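Chemist: next input, structure requested:
(one chain, ligands or ions: 1)
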Amino acid sequence: MSSMDNLIANVIRADVRANSAYVVPDASGYIKLDAMENPYELPEALRQELGQRLADAVLNRYPVASYATLKDKVKDKLGVPAGYDVLLGNGSDELIQIVTTTVANQERRAAVLAPVPAFVMYARSAQFAGADFVSVKLKADFTLDMEAMLAAIALHRPAVVFLAYPNNPTGNLFAVEDIEAILQAQGEHGLVVVDEAYHPFARTTFMDRLGEFENLIVMRTVSKLGLAGIRLGYMTAAPALLDEFEKVRPPYNVNVLTQVAAEFVLEHIDVLDAQAASINAEREKLAGELAALPGVEVFPSAANFIALRVPDAGAVCAKLLDEKVLIKNLSKMHGSLANCIRVTVSTPEENSAFLNALRTALTPA
Ligand code: PMP
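Modeler: Numbers count the residues shown, from 1 in each chain. This next block holds a predicted model:
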């Protein structure tokens, strides 16, 4: 053992040592359909104006700690109900971390529960916060197994249940009445985060249910809307709850450039909404074309990506890589995703390139 090995063994947590870093493949030269990004950039005129705003940003000072202007714009433009504040994060990744850290309990271990397959950061954040992650398998059609969910809630009394609505990586929306039943089962014992990262595409929300459920947190991001690069997430809940999370949020976690860019772009939200609408139209077209391919099973999606099952996901992904198309192989993520892949819906040109490459990949040599 080297002295560095000893140092690491002495100071780094065993569960961190056993883990690996979140892998993001290098996409240069590839058609990038693996990360649910919006393929469209801002129109040139808006980019010019944004450039000017960014040039005027005050970089030598810390951000205004209250983020009042940005919060007001988020609330106004993104449909947060009156009487509710928002907490901002460096992406919703950070919000997930703040939530799990806030509930992780030093006296008795807290549980964090999510149906799986789910967004991987729920489990990672729970683990690193020192909470126990409890997973409940979705049914084969990726709907919630309510019997198992309610049994797990009764047994583990999770401090938080995370529900992505629509779900990543499967793309479907869980039934509203199932989510209501989970909110009720959690009651005053636990929170429910409804993660609406894909709201720009799904256009259905629990925002207007906040008054009914004291334990509801609605979480969103501007990433999928077309601003993944600026890293901005927001969440809302009853004011007394948000006050608690606010204590855990690192001060100045949203930087000045993000603040200026978000305030400007939210003034032009119609441009991003129109892009999301055309991506939705493309999703329907692509889903139809995929379903017509032999041996392909397409899962319903309300998001800007499609999950599908192919005869051999490993071979398909390898052939797509040869054709310079990057998608996500879900096979190893969870047993129920055997031979499943996930593709981001993109421009008509990139979708055709993917479809053609997939057709070739599926054709026997
Ligand atoms: N929630 C879900 C369900 C997601 O799929 C993602 C990103 N893939 C996020 C949260 C994180 O988004 P961001 O950190 O970019 O805001």
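Chemist: what ranges do the helices span in the stretch 101-250 of the chain?
Modeler: For the stretch 101-250 of the chain, the helices defined by DSSP state H, counting those that start in this stretch cover 120-129, 146-156, 176-186, 199-202, 239-248.
Chemist: tell me which of the ones you listed sits most buried.
Modeler: Neighbour counts averaged per stretch over the helices of the stretch 101-250 of the chain are highest for helix 199-202, at a mean of 24; criterion: mean count of other CB atoms under 10 Å. For every residue, glycine as well, the C-beta is placed using N, CA and C.
Chemist: check which helices and strands that one sits against.
Modeler: Using 3 or more CB pairs under 8 Å, 6 or more residues apart in numbering; DSSP states H and E, the elements in contact with helix 199-202 are helix 269-291.
Chemist: quick revisit: select, out of the helices of the stretch 101-250 of the chain, the one closest to the ligand.
Modeler: Between the ligand and these, the shortest gap by CB to the nearest ligand atom is with helix 120-129, which sits at 6.5 Å.
Chemist: got the angle for that closest one vs helix 239-248?
Modeler: If you take axes from the mean of the first three to the mean of the last three CA atoms, to 10 degrees, helix 120-129 sits at 60 degrees to helix 239-248.
Chemist: mark out where each domain of the protein begins and ends.
Modeler: Using automatic domain parsing, the domain ranges for the chain come out as 3-43+270-362, 61-267.
Chemist: using JSON lines, lay out the helices of the stretch 101-250 of the chain together with mean pLDDT and distance to the ligand.
Modeler: As requested, the helices of the stretch 101-250 of the chain are exported to JSON lines (pLDDT from 0 to 100; distance: least, CB to the nearest ligand atom, whole Å):
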{"stretch": "helix 120-129", "mean pLDDT": "96", "distance to the ligand": "7"}
{"stretch": "helix 146-156", "mean pLDDT": "98", "distance to the ligand": "18"}
{"stretch": "helix 176-186", "mean pLDDT": "98", "distance to the ligand": "14"}
{"stretch": "helix 199-202", "mean pLDDT": "98", "distance to the ligand": "10"}
{"stretch": "helix 239-248", "mean pLDDT": "97", "distance to the ligand": "16"}
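Chemist: re earlier: out of the domains of the chain, which gets nearest to Leu54?
Modeler: domain 61-267 (5.7 Å; CB to CB).
Chemist: get me the contact residues on this structure for the ligand.
Modeler: 36, 91-93, 119, 164, 168, 195, 197, 221, 223, 228, 233 (CB under 6 Å from any ligand atom).
Chemist: who wins on neighbours among those?
Modeler: Most neighbours among the residues of the chain next to the ligand, by other CB atoms under 10 Å: Asp195, with 28 neighbours.
Chemist: residues contacting that residue?
Modeler: Shown in contact with Asp195 (CB atoms under 8 Å, 6 or more residues apart in numbering): Ser92, Ile96, Phe119, Phe162, Leu163, Ala164, Tyr165, Met219, Arg220.
Chemist: quick check: which ranges of the chain have low pLDDT?
Modeler: Counting by pLDDT under 70, the chain shows no low-confidence range.
Chemist: centroid residue for it?
Modeler: Ala197 (4.8 Å; CA atoms, centre = their mean).
Chemist: mind listing what the nearest residue to it once chain neighbours are set aside touches?
Modeler: Distances taken as CB to CB, 6 or more residues apart in numbering put Thr221 closest to Ala197, at 5.1 Å, once the chain neighbours are dropped. Counting by CB under 8 Å, 6+ apart, Thr221 touches Gly91, Ser92, Ala197, Leu232, Gly233, Tyr234.
Chemist: cool, and Pro81?
Modeler: Pro81 neighbours (CB under 8 Å, 6+ apart): Met207, Asp208, Leu210, Gly211.
Chemist: how near is Phe299 to Ala123?
Modeler: Using CB to CB, to the nearest Å, Phe299 is found at 21 Å from Ala123.
Chemist: ditto for Ser3
Modeler: From Ser3 across to Ala123, the span is 33 Å (CB to CB).
Chemist: cool, and Asn253?
Modeler: Per CB to CB, Asn253 is found 22 Å from Ala123.
Chemist: any idea what Leu216 is bridged to?
Modeler: Val192 (DSSP bridges).
Chemist: residues in contact with it?
Modeler: Listed by CB under 8 Å, 6+ apart, the contact set of Leu216 reads Leu183, Leu191, Val192, Val194, Phe206, Arg209, Leu210, Ala237.
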